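Engineer: no sequence on this one, just coordinates:
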């Protein structure tokens, strides 16, 4: 096991969480990557239209941890200097919801470019569901179509990503079919609640608060099939 407290805070960190219940153990792991006893955390809930419910849910999870939390919204009055605001934090944590709408809003405001700058400066980027898959080249989403489909994302991490792998019926066969039959690049599938910790675009480890949680590498084989390999997983739950 690699303890997050022993990972250099001057590296580029992304923690991609597969959705579902946001466990305090994964948040604690993520915040420890900053190397600060009380990190400044910026919560972004664009994917739910900055709904009060999502904000309350996020804040209730973080309130039990030593951190200073602030939120960035886009559906009331948006702060005038987004770059200054985002880059003044130690962690940017993105919630779930409609990935397509979230990315469209970010690109309109130039947040995609600011987040890349934040990542390059060593600010920890993290999120769950939409907030977990947005960092990859391509993500699997149900944001607007009648079934799961692909969506170009931010491209900080290489390949594709599918969340809710153990929580939504149809995710696994659909991801396999897309890998097998379309130009979708190989990538990662993440169970709900599980976090994949990337350092400088390389997977460091998979952490899970539930004993059966996992993440997988999925790619197309030379004979046109699909291979799925379970990544080594570190249990960080209480029991």
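Structural biologist: Received, thanks. Small disclaimer: the values here were computed from a predicted structure and weren't measured.
Engineer: which residues of the chain fall in helices?
Structural biologist: 24-32, 52-62, 82-87, 99-109, 111-120, 130-133, 171-181 (DSSP state H).
Engineer: Can you tell me which of the ones you listed is most buried?
Structural biologist: Stretch with highest mean neighbour count among the helices of the chain: helix 130-133 (a mean of 30; mean count of other C-beta atoms under 10 Å). All C-beta spots, glycine's among them, are computed from the backbone N, C-alpha and C.
Engineer: Please state the offset of that helix from the chain centre?
Structural biologist: The chain centre lies 4 Å from the centre of helix 130-133; the measure is C-alpha atoms, centre = their mean, to the nearest Å.
Engineer: which other helices and strands contact it?
Structural biologist: strand 13-17, strand 91-94, helix 99-109, strand 136-141, strand 157-162 (3 or more C-beta pairs under 8 Å, 6 or more residues apart in numbering; DSSP states H and E).
Engineer: Turn the helices of the chain into TSV, including distance to residue 13.
Structural biologist: Output for the helices of the chain, formatted as TSV (distance: least, C-beta to C-beta, whole Å):
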stretch	distance to residue 13
helix 24-32	8
helix 52-62	17
helix 82-87	15
helix 99-109	20
helix 111-120	8
helix 130-133	13
helix 171-181	25
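Engineer: Now mean pLDDT too, for those helices, in CSV please.
Structural biologist: Output for the helices of the chain, formatted as CSV (pLDDT from 0 to 100):
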stretch, mean pLDDT
helix 24-32, 97
helix 52-62, 93
helix 82-87, 97
helix 99-109, 97
helix 111-120, 98
helix 130-133, 98
helix 171-181, 95
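Engineer: So which of those helices is nearest residue 238?
Structural biologist: Closest approach to residue 238 among the helices of the chain (C-beta to C-beta): helix 24-32, 7.3 Å.
Engineer: For this protein, which residues score under the pLDDT cut-off?
Structural biologist: Applying pLDDT under 70 to the chain picks out residues 1-2, 4-10, 146, 239.
Engineer: need the helices and strands packed on helix 130-133 in CSV with distance to residue 216, can you?
Structural biologist: Output for the helices and strands packed on helix 130-133, formatted as CSV (distance: least, C-beta to C-beta, whole Å):
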stretch, distance to residue 216
strand 13-17, 13
strand 91-94, 22
helix 99-109, 20
strand 136-141, 13
strand 157-162, 9
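Engineer: Of all those, which one is nearest residue 31?
Structural biologist: strand 91-94 (6.1 Å).
Engineer: what pairs with that closest one, and is each one parallel or antiparallel?
Structural biologist: strand 40-44 (parallel), strand 124-128 (parallel) (DSSP bridges).
Engineer: Okay, the nearest residue to residue 83 once chain neighbours are set aside and residue 196: tell me how far apart.
Structural biologist: Counting by C-beta to C-beta, 6 or more residues apart in numbering, residue 114 is the residue found nearest to residue 83 once chain neighbours are left out, at 5.1 Å. As for residue 114, its distance to residue 196 is 23 Å (criterion: C-beta to C-beta, to the nearest Å).
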